[in-house]
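# Curious how this folds, go ahead:
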Amino acid sequence: MAVKDIRVLKPAPNEFLLDAIRADGSNEYQLRIPEATKAGVQATQKALQSWRPSMNEFQDALVNRIGLQLIKNSSWTNPYAEFKVGQLTGGDTIEEINIGLVMAKAYDTDREEMEKALFGTHRSEVQSNFHKVNRRDVYEITINNMLLNNAFDTPMGLSNFTTKLMESVSTSDAWDEFLIMCQLFPEYESNGGYFKVKIPEVSDIESDEAAAKGALRRLRETADNLTFISRRYNAAKMPIHAKREELIIFCTPAFNAAVDVEALAGAFNVDKAKMHGRIIVIPEEQFAIEGCEAVMTTKEFFVVADQVFETASQYNPRALQNNYFLHHHQVISSSRFVPAVMFTTKTGDAIPKLITPVTSVSAITVENREGTVPATVERGEIYSLYATAVTTPAGGVNDGVRWTVAGATSPRTYVTTSGVLHVGGDEGAATLTVTATATWLDPAGLMKNGATSTKVLTVSGLAVPVWPLNGSVSETVTGITVEGVAVSPAFAAGTYAYTVIVPGGTTTLDEITVTGPDEGDVVITLNAANDVFTVSAPSAPGDPVYTVTVN
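Numbers count the residues shown, from 1 in each chain. Presented below is the predicted three-dimensional model:
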């Protein structure tokens, strides 16, 4: 790639150019060619004509060293050259990668993380674009020895001759590069890449101040929207954003003039009225998009890199001339991962309102520590509950639920906000009912319940006694258990007799043990089948809690 920062090189006298080339020449060139400032230009010219290799070296230096510097300061340059990304040093392809967002998950120290979470693959949303070299141009010029000899006759002849000769090559190359980069705008549109915003036809000479202010308002609104992450404004539909200072507005001269004259010239607070982003003008005929007034994007819209930018030469002895070839190979493409918004007089793209009400809650699933679905929930264990709110249409963001558990007799039975059910070791209920509820805020800001989903869970497993076992009294009875199975009906305050159903078979009186403050006054009566017995006790202050077990 050609060096961008070149010192200004003004046309110089012939002898200065000749000596500058001699100073950088080979040893043989310096030995054969005298210094022009000492021997004179004519002597140097005569020495060059007498030895063809020296003349070839002189012409190559004149074109490649002096000519390129002269044309950089005098010829037309591509105004979009600043958007080039540099030199493509290896291969012929640029890979452009964009990585999406990572979905957050609720953190809960009680939720079991299985092998899937620890050693599984957590894939991210990734897209790639490949931009290949698609421009390979060559520009040919010829330097005739007779014309070059004539340039020695005027004091500034060599500078002027070289400048005019090379200026056409450089201008042609820069203009072609500019045209191809401009063509990216309609090509982007033909592939449906832009997000479109409808504005008045500001570029019309008959447009008024209201139209210009309306367009300016849309531009400022869009610039503010682009500062937030969205999938809406880029062709790849990836989550991207752009800072205000990064935005560039490509617009036609007519649009730029209308906004300046109609909207900004009479504005009292210009800072409040001016557009967000740097303005770059593009000829209307190069936009070549019907109805397009402006495009808002960033400099990353262009993916332009030089692969080859060099000259080669060949001497033609038949015509006594040198042919020079300027080769320019490039990647000229556009990115799908940057915001690109077109302001058009045609129909714009609608921004849908994200209204996704919850219509139901999915069925509740239960998993144990091993990640399998249990038939029952055991006392002293924890379980993961899963359910989501179902929205219409699908894809809404309000899929969270609130968890509750009902029917528990133990304060150690509860469910966390993330859906982890803890079953108390002393839980006396035969069943637990878990509920997932979708909640919403009404216009008054009050939390209201929406759709729900419930699941009844059977409690099983041995009870875990709570220490101390004896001497504990309470104003309300928390329940009586037989081998960890809750007594039905539960023993309540003021009840002195209750029935216990023996789980799984018959028993005898000597297999029954009752512990509690009044255990000496407890009367146990079995039925004939020995599968139901009655425990009765005299009234006692505080209605003590009993534990009934089968030995």
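# use CA for all of it now, contacts and neighbours both
Fine.
# what about stretch 386-406, how long is it end to end?
For stretch 386-406, the first-to-last residue distance is 17 Å (C-alpha to C-alpha, to the nearest Å).
# Please apply the same query to stretch 404-419.
Stretch 404-419 end-to-end distance (C-alpha to C-alpha) = 9 Å.
# Tell me the buried residues in it?
If you call a residue buried by 16 or more other C-alpha atoms under 10 Å, then stretch 404-419 has these buried ones: 404, 405, 408, 409, 410, 413, 414, 415, 416, 418, 419.
# between these, which is nearest residue 370?
Nearest to residue 370 among these is residue 419, at 16.5 Å by C-alpha to C-alpha.
# In the stretch 1-150 of the chain, mark out all the helices, start to finish.
Assigned helices in the stretch 1-150 of the chain, in chain order: 14-23, 27-32, 36-39, 41-50, 52-61, 68-74, 115-119, 145-151 (criterion: DSSP state H, counting those that start in this stretch).
# ok, of those helices, where does mean pLDDT dip lowest?
Per-stretch mean pLDDT for these is lowest at helix 68-74 (a mean of 51).
# so which pair among the buried residues of stretch 404-419 is furthest apart in space?
The largest separation in the buried residues of stretch 404-419, counting by C-alpha to C-alpha, is between 409 and 418 at 21.8 Å.
# residue ranges of the helices in the stretch 401-550 of the chain, please?
Shown for the stretch 401-550 of the chain, no helices are assigned by DSSP H, counting those that start in this stretch.
# State the helix or strand in which residue 201 lies.
Assigned by DSSP states H and E, residue 201 belongs to neither a helix nor a strand.
# longest helix of the chain?
When the chain is parsed with DSSP state H, its longest helix is helix 157-190.
# where's that one relative to the chain centroid, distance-wise?
Between the centre of helix 157-190 and the centre of its chain there are 36 Å (C-alpha atoms, centre = their mean, to the nearest Å).
# which element follows the lowest-mean-pLDDT helix or strand in the chain toward the C-terminus?
The helix or strand of the chain with the lowest confidence, counting by mean pLDDT, DSSP states H and E, is helix 270-273 at a mean of 45. Using DSSP H and E, the helix or strand that follows helix 270-273 in sequence is strand 278-281.
# Name the residues of that following strand that are buried.
Using 16+ other C-alpha under 10 Å as the test for burial, strand 278-281 gives 279, 280.
# In stretch 382-397, which of the residues would be classed as buried?
Buried residues in stretch 382-397, counted by 16+ other C-alpha under 10 Å: 382, 383, 384, 385, 386, 387, 388, 389, 390, 391.
# got a pLDDT number for the fifth one?
With respect to pLDDT, residue 386 scores 92.
# Identify the bridge partners of it.
Counting by DSSP bridges, residue 386 is bridged to residue 365.
# and it, what does it touch?
Under the criterion of C-alpha atoms under 8 Å, 6 or more residues apart in numbering, the neighbours of residue 386 are 364, 365, 366, 419.
# Neighbour-wise, which one of those leads?
residue 419 (25 neighbours; other C-alpha atoms under 10 Å).
# where's it relative to residue 456, distance?
Per C-alpha to C-alpha, residue 419 is found 15 Å from residue 456.
# Identify the residues contacting stretch 348-356?
Contact with stretch 348-356 is made by 195, 196, 197, 198, 391, 392, 393, 394, 395, 396, 397, 398, as judged by C-alpha under 8 Å, 6+ apart.
# Pull out the buried positions in it.
For stretch 348-356, burial by neighbour count (16+ other C-alpha under 10 Å) applies to residue 356.
# State the mean pLDDT of that stretch.
76.
# starting at the chain centroid, how far to that stretch?
Here stretch 348-356 is found 20 Å from its chain centre; the criterion is C-alpha atoms, centre = their mean.
# Using CSV, write down the CA coordinates of it.
Output of stretch 348-356 as CSV, limited to C-alpha atoms (Å, rounded to 0.1, in the frame of the first residue of the first chain):
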residue,chain,number,x,y,z
GLY,A,348,-39.9,3.1,6.3
ASP,A,349,-39.5,0.0,8.5
ALA,A,350,-41.9,-0.2,11.4
ILE,A,351,-40.6,-0.5,14.9
PRO,A,352,-42.8,-3.1,16.6
LYS,A,353,-44.0,-2.5,20.1
LEU,A,354,-42.9,-5.4,22.2
ILE,A,355,-46.2,-6.4,23.8
THR,A,356,-46.0,-10.0,24.8
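# What mean pLDDT does stretch 321-339 get?
Stretch 321-339 carries an average pLDDT of 89.
# that older thread, can you name every helix or strand that the longest helix of the chain contacts?
On a contact count with 3 or more C-alpha pairs under 8 Å, 6 or more residues apart in numbering; DSSP states H and E, helix 157-190 meets helix 14-23, helix 68-74, strand 135-144, helix 145-151, helix 284-287, strand 321-334.
# Can you check what angle separates that helix from helix 52-61?
50 degrees (axes from the mean of the first three to the mean of the last three C-alpha atoms, to 10 degrees).
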